[in-house]
Structure formats: structure tokens, C-alpha cells
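Enquirer: below: sequence and its predicted model.
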Amino acid sequence: MTTLEITQLNLWYGKFHALKDITLPKLQGGEVVGLVGPNAAGKSTFLKSLLWPGKAKQITSYGSADITQTSRIERSRIFGLMTQTPPQASSLTPYELLWSLARALNLPLSNEILKKEIALKLEQFGLSDEALKPLDSLSGGKRQLVGLTMLLLRSPDIYLLDEPTSALDLHWRLSVLSEIRDLILAQQKIALIALHDLNLALKFCDKLILLHKGELIAFGKPLDVLTEQNLSDVYQVEAKIETTNNGTPRIEVIAPIKKKIQASVI
Amino acid sequence: MTADLHEQYKTKTFQKVTLLFVLIVLCLMFLTLDVMTGPSNLSFLTILNGLVSPSSLSTTEQIILFDIRLPDALIAVIIGCTLGLAGIETQTGLNNPLASPFTLGISNAAVFGASCAIVLTSIFTKSFTFFPVTFAVPILSLLFSFLASFLIISFTAFQSGSKNTIILFGVAIMFMCEAMTSLLLYVASAEAVQQIVFWTMGNLTKAGWPEVIIVTAIFLFILPFSLRNLWVMTLLRSGENQATSIGINIDRYRLFMILRVSILTAFSVCFVGTIGFIGLVGPHIARLLLGEDHRFLLPGACLCSAVILSFASLLSKTLMPGILIPVGIITSFIGVPILIGLIFTRGQRL
């Protein structure tokens, strides 16, 4: 079964300490973990750094296997990252892209199976009509969905998703996250998802990681992490946690907290 | 639904294979026409006879066919393939539609090398009789293009430069070499200047069998290494971010790509001069015709460039009978209209 344990993850960009000593308790297979925090909190960096060897004191997966020093190429078989930027607009078609992805990585899929897999994934995300159209004729949202199908085709053990729904409409935002949730649960894998929309995070994540300026502020059940106090401290907003008519919690953001700017005395 | 999609994909694939086949036929056609045309016409039958049994031709015909026409026509095709391959590798590898072996400064270094050779031999004619200009030019231009390649490769390797810094570095080398060439032109004798200018216009007729064999060997040696990266190249067209996140070692691919391109460019430019445009326009025409799947695009880029260069070689002999127009000039005159036509008809997808 997939597990993931991260001990003392540090990352420096030159002299800038981007990730400060992040230690997470063991994540279990079947868990969807949300990564939240304001801009420049280190969410993307955290996801990317899991692909770089030697940044953490220790990373273990699969119960006990130590993968701290494994190379980036080997790691990308365990971790699958969907980047924030969708596939670039070129005259490549999604079908060709998925096909070459499978073959460039030597995925163990025969032509027959690959053919079915690609058609299935494209249909799942409403891309059947765009499959043979060039990427530069697709909208930003559609290209983001293509990026997602690329990740799903690789089927890694640990899914790292960086803002997977940023360009999507209401329907796809919800269906993408629930598809991922179902898949993680069914295959007992782990997903780490960076999200800006805290209500989506409340709705779809089993646990949340709250980052601020490269530091781990809180980790745990969504409602334990997204407290009114944390929202005010980290996000600088006045917010209330409410319960909707359906009985689900909801974050109502009231107003930004304005920092007092000290006027310089001449 | 699922079978449907793959059927559509297969239809498109079939169209691409057909197009490649058409390109091969075109290439062979121009090659034959190129061999047939010249001051004394050889008929198609004479060529065929000569190829099957050389002894059936007269001595003059034998000399014309085997020593002059065949190597000239073949070098056009093979140089086209070589520069086309170099072009498609740089465009995809650096993810820039304007990148070509020439933006890396390699060919300008070759020009500088050739200019040095021409100027030096013109000064030391008497003491250098054992080292004639026909040897000095390719050797020095090869030497300088390798020097430029070495600079770029070490820059890529140690600076872990992004694609744009590599291009900028290449452009810097290009201008440096251009300035040094200008300096040489400024001090050289009028005769040497004329020779240099003529060399930079490109000339296929000086090539003989040794050149044909060397360039073919280099092309065939490099090609398998390029073919190994076909899937990666196609994947790269979805963007560098995607490729790295998937776990493709882009830096390593790019380093070896530049090494391959350097070798291809250096060996083709040193024998025939700068036929620059072909490495830029051939791949683009192929891309517009065949799309981004590099299984078809890569051979397509080679073939398109070969067809254009072979056609240019033919035109350079026939446009003004008796006068041989430098092939570099003709290449641009053919390539530009084709490219502009395709841009207008196929949309601005480059």
C-alpha cells in the first residue's frame, strides 16, 4: 500500500529559504491532501521539491522504502506532477501528445490497451471532440484538462496536482476533483493538491496542509486547519466558518484585514 | 466511440505516410533532373544505361556523369537532409520557431574559418603550395565551427542554461564571428574578398565523391541518435514544463541535441558554404504539411529540405543558361514563397 512520510524538507533558492524544515506525519493510501496557503506560500515549490533528490532529510514511501536519494527520473515514476501551466499551444494534438507520452516513458501498455486507455481518458474529461485538433485551437480550460489526462495516463502512486482546476468552469472544477477523489480511494493512492479555493478544499480533501512563507503552519482535518484565527493570521482576511442548509461547512470571507501602513515622517 | 477515435487517427497517419512518399518521389525526380541538366544534356536513358553498365557510355559521358553531375546532384540532396535534420532538432529542442543551426552561430564561425583560409592562402601563395585553398577552406571552417560548438556546448553544460540563454549565447557568437569576418574583409585583397563573398553564397559544384561520402556518413551516423528521441521530441512540443514534470531529462537531451546539430552543420557548411535558409524553412514546411508527430515530421523535414535544395541546384543551372547562380541565393528565392504560401493557407501555426 502507498504511504508517504516526509521529514525535514528544506529548499533554498540561492539565499532564499523557500521551504523551512517541513515534516509531515505519515500519509496513508486513499487520502486526498490539500495544500493551502496564500500566494508565495511555497505550495508549488513544495510539490516540485518532492521530485528533486536530496532536499528532505528523509522521504519514505511504501511503508518503509527510503526514497530520499533516488534520482529525479526514478522519482517521477512514483510521483506524478501536474504543473500549473497547461500544455503549451502548438499544433500538436492531444491524441498525439498522449501517445508520445506513453511511448517516451516506456509505459508497459500494448498498442491495443493504450488505444483504449487514451480514448477512455479523453472521453472522461469531455475531450473526445478535441482529440485530433491542435492544442493551439483549444481553450485554456480544455488544455488544462489535457494536462490532467496526461497525469492520469501515467497513473503514478502519488499524485501531485498544482492548481488543477484554476482554468476550469464550475462543472469541471467539481467533476475533476471528485474523479480524483474516487480514483485515489479506489486505488488506495495518495493525492497532494494545491488549491486556492478553500471551499473546494473543505469539500474534497481529507486533510489539509497550511503553508505560509515556506513554513508549515498547520496540518490536520480541514476544519481544524482552516480556523478563523488561521485565516486571519495567514490569509489576512476576516472570515467566518458557517454551516450551510445541507449541513456542510462553508467559509464566508467578509473583508480583507488592512495592514496599517506607517506614514514616513519627513 | 473509442474505436472511432483511433480510426480517425489512423486515417490521418495514412495521409502523412502518403505525403512522405510523395516527398520521396519528388526528391528522386529533382535528383534525376539535376543529373540530366547542364551545359551538355544527358538523356534519361543515357543516365540509366550509364548507371547499369558504365562501359556503355563514351569516355566524355562517363566523366560528365560520374565525376561532375552525380556528385553535384547527390550532395544537394544529402546536404538538404543534413541541414533539415539539424533544423528540426534545434527548433524542437530549443522550442523556438526561429532557432536554426545559424542562430547558434555555428555557420558564421564556419564562414570566418573559410575567410581565414582564403586570406591566408592568398598571402602565402608561394610558401603554401602544398596546402592549396581547396583543402584549407573546409579544414579551417570545420575547425572554427567546432570551436563555436565547443563554446556553446560547454555553456549549455556548465551554466545549465535555459533555452533562451542558449539562443542568446549563440546569437552573441554569431555577431562576434560576423565582426571578425568583416575585419578580415576590410584588410584582405580585393581578390580574396571576392572569393569570400562567393563562398558565403553557397556552391554545390565544388563537391566531389569524397565530400558526398563524408557528409552521407555523418548524416547516417547521427540519424539513429536523433531517431531515438522521436517520442521525447513530440512530447517537448507540449512545453518544457510538461516534459520536465514527467521526468524527461531535458538538459541532457538538449546537450546532446546541440552536439548532434553542431556536427551536422559543421560538416555540411564547410564543403558547400552557407546555404543557411534551408535549415529554417525546410522544417517549417514539413511542420505545416505533416503536423507535430516527429515520427513523420523528422523525416519530412529532411525530405522537404532535400527537395528544395535539389530544386534550387537545378534552377541555378537553368535560370540563366551558361551562368551558374549561387545556390544559396536560389534557395531563398524558392523557400520564401513556399513558406509564405503555406503560412497563408494553413494558418499561422508555427
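Expert: Nice, thanks for sending it over.
Enquirer: count of neighbours near the residue in chain B that chain A sits nearest to?
Expert: Across chain B, no residue is closer to chain A than residue B:247, which sits at 2.6 Å (C-beta to the nearest C-beta). Where you see a C-beta, it was placed from the backbone N, CA and C, and this is true even at glycine. Residues near residue B:247, counting by other C-beta atoms under 10 Å in any protein chain shown, number 22.
Enquirer: go on, the one 5 residues further on?
Expert: Taking other C-beta under 10 Å as the neighbour definition, residue B:252 ends up with a count of 11.
Enquirer: where's it, which helix or strand?
Expert: Using DSSP states H and E, residue B:252 maps to helix B:250-272.
Enquirer: do the same with residue A:216
Expert: strand A:215-220.
Enquirer: surely residue B:146 and residue B:267 touch.
Expert: No - counting by C-beta atoms under 8 Å, residue B:267 is not a contact partner of residue B:146; they are 10.0 Å apart.
Enquirer: report the buried residues of the helix holding residue B:252.
Expert: Within helix B:250-272, the residues that count as buried by 16 or more other C-beta atoms under 10 Å in any protein chain shown are B:250, B:253-272.
Enquirer: tell me, how many neighbours does residue B:185 end up with?
Expert: Neighbours around residue B:185, by other C-beta under 10 Å: 14.
Enquirer: could you report the distance from it to residue B:118?
Expert: Remark: distance between residue B:185 and residue B:118 (C-beta to C-beta, to the nearest Å) = 10 Å.
Enquirer: contacting residues for residue 145?
Expert: Picked chain A for this. Contacts of residue A:145 were listed using C-beta atoms under 8 Å, 6 or more residues apart in numbering or on different chains, and they are A:125-127, A:168, A:172, A:176.
Enquirer: meant chain B, my bad for not saying
Expert: Contacts of residue B:145 (C-beta under 8 Å, 6+ apart): B:106-107, B:109-110, B:113, B:262, B:265-266, B:269-270.
Enquirer: looking at these, which is nearest residue B:314?
Expert: Among the contacts of residue B:145, residue B:269 lies closest to residue B:314 (C-beta to C-beta), at 21.4 Å.
Enquirer: could you find the closest non-adjacent residue to the closest one?
Expert: Distance criterion C-beta to C-beta, 6 or more residues apart in numbering or on different chains; nearest residue to residue B:269, sequence neighbours excluded, is residue B:110 at 4.2 Å.
Enquirer: C-terminal to the host helix or strand of the one you found, what's the next element?
Expert: Under the criterion of DSSP H and E, residue B:110 resides in helix B:106-123. Stepping forward along the backbone from helix B:106-123, the first helix or strand reached (DSSP H and E) is helix B:133-159.
Enquirer: what's the angle from that next one to helix B:106-123?
Expert: Angle of helix B:133-159 versus helix B:106-123, following axes from the mean of the first three to the mean of the last three C-alpha atoms, to 10 degrees, is 140 degrees.
Enquirer: from the chain's centroid, how far away is helix B:133-159?
Expert: How far helix B:133-159 lies from its chain's middle: 16 Å, per C-alpha atoms, centre = their mean, to the nearest Å.
Enquirer: next, the angle helix B:106-123 makes with the following helix or strand past that helix.
Expert: Next along the chain after helix B:133-159, taking DSSP H and E as the criterion, comes helix B:163-187. Orientation check (the same axes, to 10 degrees): helix B:163-187 against helix B:106-123 gives 20 degrees.
Enquirer: buried residues, stretch B:188-195. List them.
Expert: B:188, B:192-193, B:195.
Enquirer: residue B:335: which of those is nearest?
Expert: Nearest to residue B:335 among those is residue B:195, at 25.7 Å by C-beta to C-beta.
Enquirer: the nearest residue to the closest one once chain neighbours are set aside: what's it in contact with?
Expert: Spatial nearest neighbour of residue B:195, excluding adjacent residues (C-beta to C-beta, 6+ apart): residue B:118 at 4.9 Å. Residues in contact with residue B:118 (C-beta under 8 Å, 6+ apart) are B:133, B:136-137, B:188, B:192, B:195-196, B:199.
Enquirer: tabulate those in JSON lines, adding columns for pLDDT.
Expert: Output for the contacts of residue B:118, formatted as JSON lines (pLDDT from 0 to 100):
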{"residue": "B:133", "pLDDT": "69"}
{"residue": "B:136", "pLDDT": "83"}
{"residue": "B:137", "pLDDT": "85"}
{"residue": "B:188", "pLDDT": "87"}
{"residue": "B:192", "pLDDT": "88"}
{"residue": "B:195", "pLDDT": "86"}
{"residue": "B:196", "pLDDT": "88"}
{"residue": "B:199", "pLDDT": "85"}
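Enquirer: need the residues you listed in JSON lines with distance to residue B:63, can you?
Expert: Below are these laid out as JSON lines (distance: C-beta to C-beta, whole Å):
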{"residue": "B:133", "distance to residue B:63": "24"}
{"residue": "B:136", "distance to residue B:63": "26"}
{"residue": "B:137", "distance to residue B:63": "24"}
{"residue": "B:188", "distance to residue B:63": "35"}
{"residue": "B:192", "distance to residue B:63": "31"}
{"residue": "B:195", "distance to residue B:63": "26"}
{"residue": "B:196", "distance to residue B:63": "30"}
{"residue": "B:199", "distance to residue B:63": "26"}
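Enquirer: any idea which helix is longest in the chain?
Expert: Since no chain was named, I'll use chain A. When chain A is parsed with DSSP state H, its longest helix is helix A:170-187.
Enquirer: was after chain B, sorry
Expert: Taking DSSP H as the criterion, chain B has its longest helix at helix B:2-36.
Enquirer: flag every buried residue along that helix.
Expert: Applying a neighbour-count criterion of 16+ other C-beta under 10 Å, one finds B:5-6, B:9, B:12, B:16, B:19-20, B:23, B:26-27, B:30-36 buried in helix B:2-36.
Enquirer: and chain A, which of the residues you listed reach it?
Expert: Among the buried residues of helix B:2-36, proximity to chain A is found for B:5-6, B:9, B:12 (C-beta under 8 Å from any C-beta of the partner chain).
Enquirer: neighbours of residue 155, how many?
Expert: Reading this off chain A. 14.
Enquirer: chain B is the one I meant
Expert: 18.
Enquirer: just the CA atoms of the helix or strand hosting residue B:72, as PDB, please.
Expert: Using DSSP H and E, residue B:72 falls within helix B:70-93. Output of helix B:70-93 as PDB, limited to C-alpha atoms (Å, rounded to 0.1, in the frame of the first residue of the first chain):
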ATOM      1  CA  LEU B  70      26.200  12.700 -59.900                       C
ATOM      2  CA  PRO B  71      28.300  14.100 -57.000                       C
ATOM      3  CA  ASP B  72      26.800  17.600 -57.500                       C
ATOM      4  CA  ALA B  73      23.300  16.300 -57.600                       C
ATOM      5  CA  LEU B  74      23.800  13.900 -54.700                       C
ATOM      6  CA  ILE B  75      25.400  16.500 -52.500                       C
ATOM      7  CA  ALA B  76      22.400  18.800 -52.900                       C
ATOM      8  CA  VAL B  77      20.100  16.000 -51.600                       C
ATOM      9  CA  ILE B  78      22.400  14.900 -48.800                       C
ATOM     10  CA  ILE B  79      23.200  18.500 -47.600                       C
ATOM     11  CA  GLY B  80      19.400  19.200 -47.700                       C
ATOM     12  CA  CYS B  81      18.700  16.200 -45.500                       C
ATOM     13  CA  THR B  82      21.600  17.100 -43.100                       C
ATOM     14  CA  LEU B  83      20.500  20.800 -42.700                       C
ATOM     15  CA  GLY B  84      16.900  19.800 -42.400                       C
ATOM     16  CA  LEU B  85      17.700  17.400 -39.600                       C
ATOM     17  CA  ALA B  86      19.800  20.000 -37.900                       C
ATOM     18  CA  GLY B  87      17.000  22.500 -38.300                       C
ATOM     19  CA  ILE B  88      14.200  20.400 -36.900                       C
ATOM     20  CA  GLU B  89      16.300  19.300 -33.900                       C
ATOM     21  CA  THR B  90      17.100  22.900 -33.000                       C
ATOM     22  CA  GLN B  91      13.600  24.200 -33.500                       C
ATOM     23  CA  THR B  92      12.100  21.500 -31.300                       C
ATOM     24  CA  GLY B  93      14.900  21.200 -28.800                       C
END
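Enquirer: that concludes my questions; thank you for your assistance.
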